[in-house]
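[1] give me the fold of what follows.
(one chain, ligands or ions: 1)
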Amino acid sequence: MLSLTRRLRTQRALSTLASANSAGSASLYNGYQADLEQAAAAAQNVRDPSLPELIVPQFWTGTPAMSASRYVVDCTGADVRAEVAKGDNSQLVQEIKGTFEDLGVVHMKNTGLEEDLASMRLCAKLPMPAEMVYEGGANYRDQLVENVFDTGAPREAWLHYHHEMAYVNQSTRMLGFCAKAVCKEPGKGAMFLSDNVAVTRDILGTEFGAKLKERGICYIRCLTDREDTNNLGEVNSVGEPAGVYNHWQQSFGCDTIPEVEAAAKQKGLALQWGPGRYLRTKYYTSGFEYFPPLDTNLLYSSVADHDMWFDTWPGMSQLPRMASYADASPVDRPLYITYGDDSEMTKADLNTFVDAYDQHGFPISWETGDVVVVCNYRFAHGRPNYSLAEGEERELGVVLGEMFDRVGQKPGKWL
Ligand SMILES: [Fe+2]
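    All right, here's what the predicted structure looks like:
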């Protein structure tokens, strides 16, 4: 039962979000549609002819799969820093933790924290038993303040729904997003979440889901050498050399070959060196992950680790698919997924994969100072690409939660 304070806050949140959840919801987020279409057209123009037809993610159906009134905690009027310092003695803190525990997502609004990332991090940590030190990640990530990282992706790229760090044997249970700067146009630069319990139920009813359950998944990830400048092109729009996704030194936080080999082994990756110290890695696992609180296997994979990830990525979108794992080189797209028996996922399979998440998506619209904490099992996250008008900025910091060793799917534990 909701406490009185909670009810009042919820009512305030409801009125704040009325426009987002009424008939206006679709129009509020129309801003991103034009950007999405523009990115799709641009991708078609530079697309290598050997690549299959482009799949454009939609992120939702136009109606939120989950009402914001359920997961928003309105902090209006509270001294958030003081409340956080009180810990469990604070009703606000209890409400934040309780909402996350019930739903696997909490959106703290009207925090008054403005650009104070260090305080937003403390808010993000409220539902987190522990933070993790970031290593073995895919994208470049710079530390913004202590343990708050840049999201590491260019705005020109749409980011398919994904579970953070599903492609290594140690993942994170939850993650927090802190809004330091947001687009002025409402809804623009929104993040989307997808209700993964519903997605899992749907996918298990498809032919694709049956294959994924039976065969598992293989992640192929290739990383360039920071010291090898032979293959580097011009600097792209995000300030990185075109054609470079991530260097193994950056991804693993290592400088030498023995160090990176040990780190990759610890993450459960098989590896192979290519010319120019190009590091090819493979990881076989389940496409699902057992989630103890619900005693069930949940979908824990997506097309974000396929070469489709680069369809709109500056400096990468023009690259072809790798011919094979053994032949992958820095002039190919560095990611690929197959089933765990190395068989290919068909175009229909990939369409099903994307559509299942889109069907259960809902937008998170940002205001400066907002903090969102998301359970990495119960939700997938992603976003459309976005453009910025003059004077507009969007900066989100990421806080990663407790790390866990992946166990994959457990027999007999299906929805
Ligand atoms: Fe992510």
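[2] for the stretch 51-200 of the chain, which segments count as strands?
    Assigned by DSSP state E, counting those that start in this stretch, the stretch 51-200 of the chain shows strands spanning 72-74, 105-109, 143-145, 148-150, 159-162, 170-172, 174-181, 191-195.
[3] tell me the pLDDT of the residue nearest to Gly361 when sequence neighbours are not counted.
    Of all residues not flanking Gly361 in the chain, Trp60 sits nearest, at 3.5 Å (Cβ to Cβ, 6 or more residues apart in numbering). Placement of C-beta: from N, CA and C, glycine included. Model confidence at Trp60, expressed as pLDDT, equals 94.
[4] now swap in Thr338 and tell me
    pLDDT, Thr338: 98.
[5] in which helix or strand does it reside?
    Taking DSSP states H and E as the criterion, Thr338 maps to strand 335-339.
[6] show me the helices in the stretch 251-400 of the chain, by range?
    Assigned by DSSP state H, counting those that start in this stretch, the stretch 251-400 of the chain shows helices spanning 257-266, 347-358.
[7] winner for burial among the ones you listed?
    Counting by mean count of other Cβ atoms under 10 Å, helix 347-358 has the highest mean neighbour count of the helices of the stretch 251-400 of the chain, with a mean of 19.
[8] okay, now Val331: neighbour count?
    When counting by other Cβ atoms under 10 Å, one arrives at 11 neighbours for Val331.
[9] on that earlier part again, would a markdown table of the strands of the stretch 51-200 of the chain with distance to Trp366 be doable?
    Output for those, formatted as a markdown table (distance: least, Cβ to Cβ, whole Å):
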| stretch | distance to Trp366 |
| --- | --- |
| strand 72-74 | 12 |
| strand 105-109 | 10 |
| strand 143-145 | 16 |
| strand 148-150 | 15 |
| strand 159-162 | 15 |
| strand 170-172 | 21 |
| strand 174-181 | 4 |
| strand 191-195 | 7 |
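[10] where does this structure dip in pLDDT?
    Low-confidence segments of the chain (pLDDT under 70): 1-31, 130-142, 229-243.
[11] longest helix anywhere in it?
    helix 30-46 (DSSP state H).
[12] got the buried residues for it?
    Residues of helix 30-46 classed as buried: Gly31, Tyr32, Asp35, Leu36, Ala39, Ala40, Ala42, Ala43 (neighbour count, 16 or more other Cβ atoms under 10 Å).
[13] ditto for stretch 362-381
    362-366, 368-381.
[14] in strands, which of those appear?
    Applying DSSP state E to the buried residues of stretch 362-381, the entries found in strands are Phe362, Pro363, Ile364, Val371, Val372, Val373, Val374, Cys375, Phe379, Ala380, His381.
[15] so how far is Gln58 from Glu185?
    Look at Glu185 and Gln58: by Cβ to Cβ, to the nearest Å, they are 20 Å apart.
[16] picking up where we left off before, for Lys265, find the nearest of the strands of the stretch 51-200 of the chain.
    Nearest to Lys265 among these is strand 170-172; the distance by Cβ to Cβ comes to 12.2 Å.
[17] quick check: buried residues in the closest one?
    So for strand 170-172, counting by 16+ other Cβ under 10 Å, buried means Ser171, Thr172.
[18] name the residues that touch that strand?
    Here strand 170-172 makes contact (Cβ atoms under 8 Å, 6 or more residues apart in numbering) with 132, 136, 163-165, 267, 289, 300, 376, 400-406.
[19] show the buried residues in the residues you listed.
    Buried among the contacts of strand 170-172 (16+ other Cβ under 10 Å): 132, 136, 163-165, 267, 289, 300, 376, 400-401, 403-404, 406.
[20] turn the residues you listed into TSV, columns for distance to Thr312.
    Output for these, formatted as TSV (distance: Cβ to Cβ, whole Å):
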residue	distance to Thr312
Met132	29
Gly136	25
His163	21
Glu164	20
Met165	22
Lys267	28
Glu289	28
Tyr300	24
Asn376	24
Leu400	25
Gly401	28
Met403	30
Phe404	31
Arg406	29
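[21] all set, thanks.
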